[in-house]
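[1] no FASTA, just this:
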């Protein structure tokens, strides 16, 4: 199987390419050398790759960046997706396309609300989420035209190498810096009552691999644990891996009202047998150890 991966240099893309090659697939990895905003660049890449499958990961994915540059989010996330789908339709019409969207397209709920399933209405609340929602719906249009499109809506996925503008990695980096005496024992936090659905990135990659298999159905799938965890609990688990008891300092630019984003992945389990395997506590220690190693290096 020949699989063309966009955004292959990113946090998920690097792991997906490794998994594909370990499974014996031919992974054609594209990153910034293919400009997804350029139709000609994308068409050339698809024609050269001759893929049996495509995993479209390339995106502008940090929400504050999309607020500062909503036009860029639209170009990369929506127009880029259209360019990929159109090029596949022209040059590899039999290829399966995994179109990676985001749980952000659902918006969020009060902390006691039930998890989102795939029938939940889309209520995107940021330029990032709106661009991904539009791209997700566009994928549905191409599917209606006969393209083999799988729309994926992953919830928070993390692990070693997760950028520190995400809460759990920010906490881990700050703690690692405190251990080495590089910062005072004061931890910058936002609203610790926010609830998120955390997965290890390798579990997410496993879901993608399963949906590339012959016989796996097309459609829309959440990738989620179904378990909500507060950021307060995330911090508690990280602190258990240290001897630190820092002062917590709520910073206004990090604070948001408490909300929840938790997904129901029953459809994915039924279709592929997928289930997450890695525990959150172990994942958080992995992130903390990665920051420790980076600071030592």
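    All right, it came through fine. Note that the structure is a prediction, hence the values are computed from the model and not measured.
[2] which regions of the protein lie under the pLDDT threshold?
    For the chain, residues meeting the criterion pLDDT under 70 lie at 62, 66.
[3] all strands for it, in order.
    2-6, 26-29, 53-56, 96-100, 148-154, 157-158, 186-189, 195-196, 199-200, 219-223, 229-230, 247-250, 260-261 (DSSP state E).
[4] pull the distance from the fourth one to the chain's centre.
    So that's strand 96-100. 14 Å (CA atoms, centre = their mean, to the nearest Å).
[5] could you say what helices and strands it packs with?
    strand 53-56, helix 80-91, helix 127-144, strand 148-154, helix 201-211 (3 or more CB pairs under 8 Å, 6 or more residues apart in numbering; DSSP states H and E). Every residue, glycine included, has its C-beta placed from N, CA and C.
[6] if you set the cut-off to 10 Å instead, what comes out?
    strand 2-6, helix 11-22, strand 53-56, helix 80-91, helix 127-144, strand 148-154, helix 201-211, strand 219-223 (3 or more CB pairs under 10 Å, 6 or more residues apart in numbering; DSSP states H and E).
[7] of all the ones you listed, which lies closest to residue 285?
    The closest of these to residue 285 is helix 201-211. By CB to CB, the value is 14.7 Å.
[8] could you check the angle that closest one makes with helix 11-22?
    50 degrees (axes from the mean of the first three to the mean of the last three CA atoms, to 10 degrees).
[9] show me which residues of helix 201-211 are buried.
    Residues of helix 201-211 classed as buried by neighbour count (16 or more other CB atoms under 10 Å): 201, 202, 203, 204, 205, 206, 207, 208, 209, 211.
[10] can you list the buried residues in stretch 287-297?
    So, applying 16+ other CB under 10 Å, buried residues of stretch 287-297: 287, 288, 290, 291, 292.
[11] before we move on, what about stretch 250-260?
    In stretch 250-260, counting by 16+ other CB under 10 Å, buried: 259, 260.
[12] can you give me the first-to-last residue distance of it?
    19 Å (CA to CA, to the nearest Å).
[13] give me the distance from that stretch to the chain's centre.
    21 Å.
[14] ok so, going back, can I get the strands of the chain in TSV with distance to residue 180?
    Formatted as TSV, those follow (distance: least, CB to CB, whole Å):
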stretch	distance to residue 180
strand 2-6	36
strand 26-29	34
strand 53-56	38
strand 96-100	36
strand 148-154	33
strand 157-158	22
strand 186-189	15
strand 195-196	28
strand 199-200	26
strand 219-223	35
strand 229-230	27
strand 247-250	18
strand 260-261	33
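[15] between the ones you listed, which gets nearest to residue 72?
    Closest among the strands of the chain, using CB to CB: strand 2-6, at 16.4 Å.
[16] quick one: that closest one to strand 96-100, angle?
    Using the same axes, to 10 degrees: strand 2-6 against strand 96-100 is 20 degrees.
[17] partner strands of strand 2-6 and their direction?
    Here strand 2-6 is paired, per DSSP bridges, with strand 26-29 (parallel), strand 53-56 (parallel).
[18] tell me which of the ones you listed sits most buried.
    Among these, strand 53-56 has the highest mean neighbour count (mean count of other CB atoms under 10 Å), at a mean of 26.
[19] quick check: residue 141 touching residue 89?
    No - contact criterion CB atoms under 10 Å: residue 141 and residue 89 do not qualify, at 11.2 Å.
[20] where do the domain boundaries of this structure fall?
    2-159+198-226+261-277, 167-193+229-259+286-296 (automatic domain parsing).
[21] winner for burial among those domains?
    domain 2-159+198-226+261-277 (a mean of 19).
[22] how far off centre is it?
    With CA atoms, centre = their mean, you get 8 Å for domain 2-159+198-226+261-277.
[23] tell me how far the nearest residue to residue 106 once chain neighbours are set aside lies from residue 122.
    Closest residue in space to residue 106, ignoring its immediate chain neighbours: residue 116 at 4.6 Å, by CB to CB, 6 or more residues apart in numbering. Shown here: residue 116 relative to residue 122, a distance of 10 Å by CB to CB, to the nearest Å.
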